[in-house]
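Participant: what follows is a protein structure lacking sequence information:
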């Protein structure tokens with residue numbers, strides 16, 4: 001077993017306190033840079049998304065994050081009438097297609113506000129808002145703050161990089177690969193349950209006759225848990 005040594009300048013007590021804070025953060029329902037006006041929900045999305053028509057709709061919504069999308073277009077993509085599709089989506093996901101689209105786009109905008117210096121208008125256009133005013137109103141409804149106010153608040157509220165994680169920053173690499181189809185499964189819930197996600201995905205692959213030893217595993221992180229509540233965080237096993 002390997003002992004965890006504290007980095008220079010950090011006592012073992014301080015290191016343990018920092019690790020406890022990080023581990024507890026995985027369990028918080030209200031993320032530090034999340035909405036000041038949490039949405040009241042009667043139902044959470046499923047632990048694993050398995051309804052094929054809802055999957056098609058979710059993939060379209062997320063693949064066209066920078067484009068306007070109508071209910072009719074999403075329903076047609078899912079091969080359902082608009083009314084039947086809306087009922088089915090709400091039943092499975094716990095929110096309407098419009099609410100899901102708006103929430104995930106605004107969460108993406110929140111990430112851009114924290115990590116980039118892009119203007120509010122540029123971010124609004126990147127998540128398919130045609131006007132500055134419409135974006136500000138929608139953002140305020142979801143987060144309780146206007147975008148520039150949120151940028152200041154979230155940068156202060158976000159968890160600082162732990163000293164023991166600083167050496168990893170230099171190991172980050174950006175690489176491009178040829179596009180290729182992947183077999184994937186969507187999960188919702190805390191990233192603390194990623195291991196469970198992979199166990200479930202492996203079971204399904206084995207049942208379908210795929211040789212696990214010959215497959216390359218790819219984990220796709222969709223959300224920042226400091227912005228998106230744990231129960232709504234998206235993770236794809238592929």
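Facilitator: Received it, and whenever you're ready, just let me know what you need. Computed from a predicted model, the values in this text were never measured in an experiment.
Participant: start to end distance for stretch 47-55?
Facilitator: End-to-end distance of stretch 47-55 (Cα to Cα, to the nearest Å): 13 Å.
Participant: show me the strands in the protein, by range?
Facilitator: Using DSSP state E, the strands assigned to the chain run over residues 185-188, 219-221, 234-237.
Participant: can you give the strand pairings for the second one, parallel or anti for each?
Facilitator: Same thing as strand 219-221. Strand 219-221 sits in its sheet next to strand 234-237 (antiparallel), going by DSSP bridges.
Participant: distance between the partner strand and the chain's centre?
Facilitator: Taking Cα atoms, centre = their mean, to the nearest Å, the mean C-alpha location of strand 234-237 is offset from the chain mean by 8 Å.
Participant: which residues sit against that strand?
Facilitator: Strand 234-237 has contacts (Cβ atoms under 8 Å, 6 or more residues apart in numbering) with 104, 184-189, 191, 194, 197-198, 201, 217-223, 228. Heads up, the C-betas are built off the backbone N, CA and C, glycines and all.
Participant: just give the nearest non-adjacent residue to residue 127, would you?
Facilitator: Residue nearest to residue 127 in three dimensions, not counting chain neighbours: residue 105, with 4.2 Å by Cβ to Cβ, 6 or more residues apart in numbering.
Participant: next: residue 85.
Facilitator: Counting by Cβ to Cβ, 6+ apart, residue 85 lies nearest to residue 75, which is 3.8 Å off, once chain neighbours are set aside.
Participant: give me the domain ranges for this structure.
Facilitator: Segmentation of the chain into domains, based on automatic domain parsing, reads 52-157, 185-237.
Participant: end to end on the longest one, go ahead and measure it.
Facilitator: I take that to be domain 52-157. OK, domain 52-157 end separation, Cα to Cα: 38 Å.
Participant: low-confidence stretches in this structure?
Facilitator: Filtered on pLDDT under 70, the chain yields the residue ranges 1-29, 37-38.
Participant: so what's the residue nearest to residue 85 up against?
Facilitator: Counting by Cβ under 8 Å, 6+ apart, residue 75 has contacts 57, 81-82, 84-86.
Participant: ok, so of those, who is nearest residue 174?
Facilitator: Distance to residue 174, by Cβ to Cβ, is smallest for residue 57 among the contacts of residue 75, at 30.3 Å.
Participant: neighbours of that closest one, just the number please.
Facilitator: 26 (other Cβ atoms under 10 Å).
Participant: now the helices for the protein?
Facilitator: Assigned by DSSP state H, the chain shows helices spanning 12-25, 52-63, 71-77, 82-93, 97-115, 120-126, 132-143, 147-157, 166-169, 194-207.
Participant: I'd like to know how far residue 193 sits from residue 50.
Facilitator: Applying Cβ to Cβ, to the nearest Å, the value for residue 193 to residue 50 is 16 Å.
Participant: one more: residue 227?
Facilitator: Using Cβ to Cβ, residue 227 is found at 26 Å from residue 50.
Participant: counting neighbours, go ahead and name the busier of these two.
Facilitator: Ranked by neighbour count (other Cβ under 10 Å), residue 227 and residue 50 place residue 227 first, with 25 against 12.
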